[in-house]
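# dropping a prediction and its sequence here:
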Amino acid sequence: MHLPPALRNRRYFALWLGLLISISGSQMQVAAIHWHIRALTGEPNPLALGGIGLARILPVIVFSFIGGPMADTFNRRRILFITQTVLAFTALALALLTFSTFISIWWIYALTALQAAAQAFDGPARQAMIPNLVAAQDLPSAFSMSSIALNAGSIVGPALAGIVIATLGQGYTYLFNAISFLAVIVALFLIGPVPQDTSNAPSINLKAAADGIRFIFSKPIILSTMLMDFVATFFASANTMMPIVARDILKVGEIGYGWLSSAQAVGSVAAGLVVSQIPKLRRQGPKFLGAVVIFGLATILFGTSHLFGVDRVLLNLTGSPITLAFIVAFSALVLMGAADAVSTIIRNTIRQLNTPDHIRGRMTSVNQIFFQGGPQLGEVESGIVAALLGVPFAIVSGGIGCIVGALFIVFKWPQLRTYNGDEHQSPTAEAG
């Protein structure tokens, strides 16, 4: 084991640490919102849970086309100051409404949509700023560490959500998330000014957004990875159904729900640590494709986990029965997370290294639609299928759809099979 190169960069380390804390709070809120909706409906309601996906993706689709040009035109660090502040106050509003018992599903939808709108500006600015912080050769390390921060937060956050809900109450999950955004705001102060190429800064209009779309369609290797990401997460999106799986199928309470919600992140952190130790990642295309197929197979296993016996209690942990079905479900989710981490690291590296700095924000904004559109629209799709045919069928059919879709994309863009990672790349800014 050695210190990943990206963490030797003082400014990137400050941002990474701030994100690690903030993501833990954000993932606590995500898990808490799903549990909150299940509690407010009073009975299993896949459509109500699927509706949160629409609340998250519609603002992203609308505002990402503006967020990308803004990240290429205005100072990315300043944009992050604004978006992180908006996200903090929105989480605080959720907390106050919950404490006052004035909360309803519609308030949750509305405030979630407001947060998604802020994230539509936050995502392009943050991702496009990373290549301005580290040298080009350290980008795989930086994206690997970013994946670890995301998924470490996704372990801590949902696990804490279950504990906080069971002990302090629902509103405190939102309050702790609001406080966690201060970590990124402090990090942005510490890293100081960040240089970026604004020589070709676009106007904030539809033409600028269209330039990003045209660029992506001119780069088959970027377009194909975006489509693969969308297809995989659209079909194999099971997170929103997790409260029903935990509470009504596997028969575990808040603590068990928290562990299931963290399971994918456990696998992602493990895979991210492995990748961070590889100095030069070769045969990126085959590894990327293999990861997507494994993701689909693990989703199928998760959807059938209840068949292994929900009544066969192996041990009892803090009042929650641990059954064989729970262990199979947890293991399948860990494998899904590991596969998704490998896929995420490779596709982010491909996109950023093959995109010039002056258009990186617009590329990232379009990618954000694919990246978030897949899982969020997938939540709507899984909610509809689950309402008609049951939650297990929705999850299993999603895993099958993920594999079939991946095979179709490989057939359409065969260069994915041979992509190595050292093909022509656009220069990135050297770390200061």
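Right, received. Where do you want to start?
# all strands of the chain, in order?
Assigned by DSSP state E, the strands in the chain fall at 313-317, 320-323.
# looking at the ones you listed, which has the lowest confidence?
Among those, strand 313-317 has the lowest mean pLDDT, at a mean of 57.
# dump the residue contacts of R417.
Contact partners of R417, counting by Cβ atoms under 8 Å, 6 or more residues apart in numbering, are 285-286, 289, 410. Glycine gets a C-beta too; all of them are placed from N, C-alpha and C.
# please repeat the previous calculation with a cut-off of 6 Å.
Contact analysis of R417 by Cβ atoms under 6 Å, 6 or more residues apart in numbering lists G285.
# quick one: stretch 171-179 to chain centroid distance?
With Cα atoms, centre = their mean, to the nearest Å as the basis, stretch 171-179 stands 20 Å off its chain's centre.
# tell me the mean pLDDT over it?
Here the average pLDDT along stretch 171-179 is 94.
# hmm, who's touching it?
Contacts for stretch 171-179 (Cβ under 6 Å, 6+ apart): 25-26, 28-29, 32, 88, 91-92, 94-95, 98-99, 161, 164.
# can you do 7 Å?
For stretch 171-179, the external contacting residues (Cβ atoms under 7 Å, 6 or more residues apart in numbering) are 25-26, 28-29, 32, 88, 91-92, 94-95, 98-99, 161, 164-165.
# what does stretch 84-97 give?
29, 103, 107, 111, 114-115, 118, 171, 174-175, 177-178, 181, 184-185.
# and the residues you listed, which are buried?
Those of the contacts of stretch 84-97 that meet the buried threshold are 29, 103, 111, 114-115, 118, 171, 174-175, 177-178, 181, 184, by 16 or more other Cβ atoms under 10 Å.
# so where's the stretch 51-200 of the chain uncertain?
For the stretch 51-200 of the chain, applying pLDDT under 70 flags the ranges 197-200.
# what about I105, how many residues nearby?
Residues near I105, counting by other Cβ atoms under 10 Å, number 16.
# hang on, it packs against L40?
Yes - shown here, I105 and L40 form a contact pair, counting by Cβ atoms under 7 Å, at 5.4 Å.
# if I look at G303, how far off is A178?
To A178, G303 is 35 Å away according to Cβ to Cβ, to the nearest Å.
# no wait, P195
31 Å.
# from the contacts of stretch 84-97, which is closest to L20?
Checking those against L20 by Cβ to Cβ gives V184 as the nearest, at 9.7 Å.
# apart from its neighbours in sequence, what residue is nearest that closest one?
Spatial nearest neighbour of V184, chain neighbours left out: G18 (4.1 Å); criterion: Cβ to Cβ, 6 or more residues apart in numbering.
# just checking, that neighbour touches V186?
Yes - using Cβ under 7 Å, G18 is in contact with V186, at 6.4 Å.
# more neighbours: which of the two?
Counted by other Cβ under 10 Å, G18 and V186 do not tie: G18 has more neighbours, with 24 against 13.
# residue contacts, that one?
183-184, 186-187.
# how about these, which pair is most distant?
V184 and V186 (7.3 Å).
# tell me how far stretch 348-357 lies from the chain's centre.
19 Å.
# next, the distance between the ends of it.
For stretch 348-357, the first and last residues are 14 Å from each other (Cα to Cα, to the nearest Å).
# what is the mean pLDDT for it?
Mean pLDDT, computed over stretch 348-357, is 75.
# among the contacts of stretch 84-97, name the ones in helices.
29, 107, 111, 114-115, 118, 171, 174-175, 177-178, 181, 184-185 (DSSP state H).
# dump these to CSV, plus distance to G256.
Shown next, in CSV, are the ones in helices among the contacts of stretch 84-97 (distance: Cβ to Cβ, whole Å):
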residue, distance to G256
Q29, 19
W107, 27
L111, 27
L114, 31
Q115, 27
A118, 32
G171, 22
Y174, 22
L175, 24
N177, 22
A178, 26
F181, 28
V184, 31
I185, 34
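# ends of stretch 233-253, what's the gap?
Using Cα to Cα, the two ends of stretch 233-253 sit 26 Å apart.
# and the pLDDT for the residue lying closest to V342 once chain neighbours are set aside?
Leaving aside its sequence neighbours, V342 sits nearest to A291 (Cβ to Cβ, 6+ apart; 4.1 Å). In this prediction, A291 carries a pLDDT score of 87.
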